[in-house]
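Peer 1: Sequence plus the predicted model coming up.
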Amino acid sequence: MTAKEIRQKYLEFFASKGHTIVPSAPMVVKNDPTLMFTNAGMNQFKDIFLGNSAPKFPRATDSQKCLRVSGKHNDLEAVGHDGRHHTMFEMLGNWSFGDYFKTEAIDWAWELLTEVYKIDKTKLYATVFEGSAEDGTSLDEEARQAWLKHMPEDHVLLGNKHDNFWEMGDTGPCGPCSEIHIDLRSDEEIAAKPGRELVNTDNDEVIEIWNIVFMQYNRKADGHLELLPNKNVDTGMGFERLCMILQNKKSNYETDVFSGSIRKVEELSGHKYAEGGQVEVAMRVIADHLRAIAFSIADGQLPSNVKAGYVIRRILRRAVRYGYTFLGFTEPFLTRLVPQLVEDMGEAYPELKAQQKLVESVIREEENAFLRTLDRGIRMLDDKLAENAATKVLPGVDAFVLYDTYGFPIDLTELIATEKGYTVDLEGFNVELGKQKERARNATANEFGDWEEFHSGDEVTFLGYDTLTCEGAVLMKQRTVKQKNKTYFQLVFDKTPFYAEMGGQVGDTGRIVSAAGEEIAILNTVKENNLTIHLAERLPENPGAPFTLVVDAERRQSIMNNHTATHLLHQALREILGTHVEQKGSFVGPDYFRFDFSHFQKVTDEEIRAVEHRVNQLVRADEPLREKRDATMEEARGMGAMALFGEKYGDVVRVVRFGDSVELCGGTHTRSTGTIGLFKIISESAVAAGVRRIEAVTGAAAEGRIGAMEDMLRNLKAVMNNAPDLVASIHKLIEENTDARKQLEAVAAEKAARLAEKLYASAEEINGIRVVRFDSSVDPQLVRNVALLLQKKAENFVLAGAYAFDEKPNLVLMYSADLVAKGRNAGKDIREAAKAIQGGGGGQPGLATAGGRNLAGLPDALATLVRLATE
């Protein structure tokens, strides 16, 4: 079976068992602060498992795209070195929400594997939870008996808490799990050693293929377990591993999931996968990482230096580095693999095909940037190696600076150092890396208390579209959270007018007031596991009292004006730049907003002016808000609403219309466009290849911006003596300044030439080398110009300078080209001399400079320079 057939048969099988086939959620998580990426098939059902949302159907199945590169599920460094680790992977899953439980889940797993996929029954093993005295749990006898209907007793094995008890996190839903393993060894190997002895021993041929989790407990903050009111089933089977088994391959990378990409890498590089060694590893890394990068970009996550964007950049750079080091790529190559990936996976995941042009452009720009970084890193590494020529050991601190500041991988540092006869102080590097990790852990350390429940209820009702106050809301639950050594208090109400931070729009602030008059400030509102959580300055004295919730009305109005303006801006951009423009991200706050969109060139000043004009036209039209809060996706599309890639929409969506602008949006909006008042763009820039960003302000903020510009013009006119033509006067001043600078440069050049002639004539000979000692107090730029003049005309010549300027010590060392050719290195020598002035410096082999703090050390520094130059 092909990979496409294997995926389809799984979905069709569970559909025949009454499961609803649901689409994969985006791999990039946007509205869950606890996750950056979808790392398991159950993520999109987390709210149901936590009891915060009611299930829409009792049974579900899907193939979910997942990414595991951070936290406890971090496979990144293992990827490529074996045939089964991946960053991005597909997880085949089926779920029961309070419907069937252990017996049915096990029976259907057995039926699918042995009757549909025709896997040899004798090669399969199952593990069940043996129980835990620590948690007070016993052997999962129900699961064991279910397996014994299908397998002999010596194929049903007991597993400990580490292997057979699944937990969502430190707290929350959890339960025993039953894993299915397969023995892929030859009959001779199996006869010599039975597979049961190799289950869960990290053997590459006796491997897990399916995990069936029985969620029946809730882990509390103090560690104890409570039974859940509804028991759920959550299963996950690695698609790539299943393809390897059914296609009778030894590695996931040999299946048709990856073979197309690997063939393309072979074609571009001239190497063959069959060469083995690092070539094979590199091709695996590239084929795997390409999927993670492309799907993340298609889901709306661009590479950057923070959070999820940093993870994607790190994956991309790892792929580029393997191609650069082991396959000889010195030009962008990942971008040329995207068409093959679209051919292989575009049918199952249409967002990949739709975003192909953007994906290729972003990857190309990132590759070019990192190839430049590699080039800089190699030059810097050469300098560091030269500094440590005596010991032939690169200090761990230097290796870490290359890694942390310049993105230069430690294994590439080792490779280059080894080629040049050096070793790397890995122990010192790991010490610095450990310090960095500790800093990161401290920065993200969180402590969550248990939710203290006061009233049970279903989902939180949001009333903020219609009102900014809510009388008599009931406090459902509260808890204390410690983050970054600060304590926060979280409150959940059954009804709220507070909008929770989501979809790029910031959360509301305001206050709650109890019937007894207690008033508590609400500092922010966030969404977590489908709960609207109010961050309060303190906990209420009487949580059971009725409360009035009041949103900060002025702040909310500014946010609503800005959010509506993003819709008008989107419309104007599509009208003026073209319908290729699509929203790629946004931030909506009270003071300003930013809007990211697809466009493959800089927006010109004329286009920006046209967009501003069009948006302000739409503002003045005072189009009223027309919305449909319960539209189906089909109805929404019929109304002209555009769905954005990378967004997960439910069965029911909200359509927001202002005139011809029609968007799917859950945010808050002003009642009509006229309340926006005024729209002003303050900047336009590039975010990534093919993605531009506009920042803008509205209303009073726009007035303030224009007022500041008027003030600046008024001040400029005053500086220019109120010249009637300000622009012409500024041009004239620039021209006069340019002429004066040229005259000054000519004078300086003449002065440098005279000083160079004087110094050249005063040179003394030491050990056959002509040397000029220089210690006069002169501008360092003049000294540099003199050194360059001497370097051009002199042979077998050294300029060694140690002088004070502006009460600071300075050094200069120049070697003529013939001395450099013989091995002299001014950059290396000047660093040694700079120790005398308590400073440092560097430069090229022919010319280097240094500065320091110790004026008294200048004579010793000059003596060192002369000594090093004439040894």
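Peer 2: Thanks, I have the structure now.

Peer 1: going forward, measure contacts and count neighbours with C-alpha atoms only.
Peer 2: Noted.

Peer 1: where do the helices sit along the stretch 551-700 of the chain?
Peer 2: For the stretch 551-700 of the chain, helices defined by DSSP state H, counting those that start in this stretch occupy the ranges 553-576, 605-620, 633-638, 699-719.

Peer 1: can you pull the contacts of residue 855?
Peer 2: Applying Cα atoms under 8 Å, 6 or more residues apart in numbering to residue 855 gives the contacts 804, 807, 808, 809, 837.

Peer 1: mind redoing it with 6 Å?
Peer 2: Residue 855 is in contact with residue 809, counting by Cα atoms under 6 Å, 6 or more residues apart in numbering.

Peer 1: Could you pull up phi and psi at it?
Peer 2: Backbone torsions for residue 855, taken as degrees, to the nearest 10, come to phi -60, psi -30.

Peer 1: The one 3 residues further on too?
Peer 2: Dihedral pair for residue 858: phi -60, psi -40, per degrees, to the nearest 10.

Peer 1: In terms of pLDDT, where does it sit?
Peer 2: Residue 858 carries a pLDDT score of 95 in this model.

Peer 1: which residues does it contact?
Peer 2: Counting by Cα under 6 Å, 6+ apart, residue 858 has contacts residue 802.

Peer 1: What separation do you get for it and residue 732?
Peer 2: 46 Å (Cα to Cα, to the nearest Å).

Peer 1: The residue lying closest to residue 586 once chain neighbours are set aside: how many residues sit nearby?
Peer 2: Setting aside the residues directly before and after it, residue 586 is nearest to residue 595 in space (Cα to Cα, 6 or more residues apart in numbering), at 4.6 Å. Residues near residue 595, counting by other Cα atoms under 10 Å, number 22.

Peer 1: I figured residue 595 was touching residue 694, is that so?
Peer 2: Yes. Contact criterion Cα atoms under 6 Å: residue 595 and residue 694 qualify, at 5.3 Å.

Peer 1: winner for burial among the helices of the stretch 551-700 of the chain?
Peer 2: helix 553-576 (a mean of 22; mean count of other Cα atoms under 10 Å).

Peer 1: angle of that helix against helix 699-719?
Peer 2: Counting by axes from the mean of the first three to the mean of the last three Cα atoms, to 10 degrees, helix 553-576 lies at 80 degrees to helix 699-719.

Peer 1: Listing request: residues of the stretch 151-300 of the chain with sub-threshold pLDDT.
Peer 2: Along the stretch 151-300 of the chain, the model assigns pLDDT under 70 to no residue.

Peer 1: Quick one: the helices in it, in order.
Peer 2: Ranges of helices in the stretch 151-300 of the chain, per DSSP H, counting those that start in this stretch, are 161-164, 187-192, 239-246, 259-269, 277-298.

Peer 1: I'd like to know the predicted local confidence at the residue nearest to residue 586, please.
Peer 2: pLDDT, read off for residue 595, is 97.

Peer 1: and it, what is it in contact with?
Peer 2: Listed by Cα under 6 Å, 6+ apart, the contact partners of residue 595 are 586, 693, 694.

Peer 1: Distance to residue 739, pLDDT and neighbour count added to those residues, as JSON lines?
Peer 2: Converted to JSON lines, those look like this (distance: Cα to Cα, whole Å; pLDDT from 0 to 100; neighbours: other Cα atoms under 10 Å):
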{"residue": "586", "distance to residue 739": "47", "pLDDT": "93", "neighbour count": "19"}
{"residue": "693", "distance to residue 739": "39", "pLDDT": "95", "neighbour count": "23"}
{"residue": "694", "distance to residue 739": "38", "pLDDT": "97", "neighbour count": "21"}
